[in-house]
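[1] Compute the structure for the input listed below.
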Amino acid sequence: MGKLKSALAWKCPRCGEGDLFESNNPYKPGKMMVMLTHCSNCGVRYEKEAGFFYGAMYISYMFNIAFFVIATVAWYLFIEDLMDWRIYISGYVLFTLAIWPLIYRFSRAIWIMLFIKYAPEKRGER
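    You can find the predicted model right below:
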């Protein structure tokens, strides 16, 4: 499993096998944001220093901006004459709230992927 595939599957960026999050279900109450401290397979520590994941907010911001631009362009091109703008904004806010747990997890997975070298030969090392 490559580095990007590991990030998309919420797996360890070093070995590609250990989980990043305690639960694989991002919508599980109480477990949405619980991230493991170390890889269960290779032992790499996920949070390099206090506040390490603040940088993931930039990734999250990029996702949100991309979704908003796509939705707004689609609204202007296809839906503007059919729907009031207040309905569009309300729908977009609901969409954002619905996918927030996914954006949170993907942002953290991509951020950590940028800082930990992919080393599949470390699989099983502790």
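[2] And for this structure, the residue most distant from the center?
    The centre of the chain is farthest from one residue, residue 81, which by Cα atoms, centre = their mean lies 34.2 Å away.
[3] From the contact counts, what lies against the helix or strand of the chain with the lowest mean pLDDT?
    The helix or strand of the chain with the poorest confidence is helix 3-8; it has a mean of 85 (mean pLDDT, DSSP states H and E). Applying 3 or more Cβ pairs under 8 Å, 6 or more residues apart in numbering; DSSP states H and E, we find helix 3-8 packed against helix 85-115. Where C-beta positions appear, they are placed from N, C-alpha and C, glycine not excepted.
[4] just checking, what packs against the helix it packs on?
    Packed against helix 85-115 by the contact rule (3+ Cβ pairs under 8 Å, 6+ apart) you find helix 3-8, helix 56-74.
[5] Comparing the ones you listed, which comes out most buried?
    Comparing the helices and strands packed on helix 85-115 by mean neighbour count (mean count of other Cβ atoms under 10 Å), helix 3-8 comes out on top with a mean of 17.
[6] Any idea how far it is from the middle of the chain?
    Distance, stretch centre to chain centre, for helix 3-8: 11 Å (Cα atoms, centre = their mean, to the nearest Å).
[7] what's the answer for stretch 30-42, then?
    Relative to the chain's own centre, stretch 30-42 is displaced by 14 Å; criterion: Cα atoms, centre = their mean.
[8] beta partners for residue 19?
    Listed beta-bridge partners, residue 19: residue 11 (assigned using DSSP bridges).
[9] isn't it right next to residue 6, touching?
    No - in this structure, residue 19 is not within contact of residue 6 by Cβ atoms under 8 Å, at 10.6 Å.
[10] For those two, list the residues in contact with both.
    residue 12 (Cβ atoms under 8 Å, 6 or more residues apart in numbering).
[11] measure the spatially most central residue of the chain to residue 83 for me?
    By Cα atoms, centre = their mean, the mean C-alpha position of the chain lies nearest to residue 106, the distance being 1.2 Å. Computed with Cβ to Cβ, to the nearest Å, the distance linking residue 106 and residue 83 is 29 Å.
[12] Alright, that wraps it up for me.
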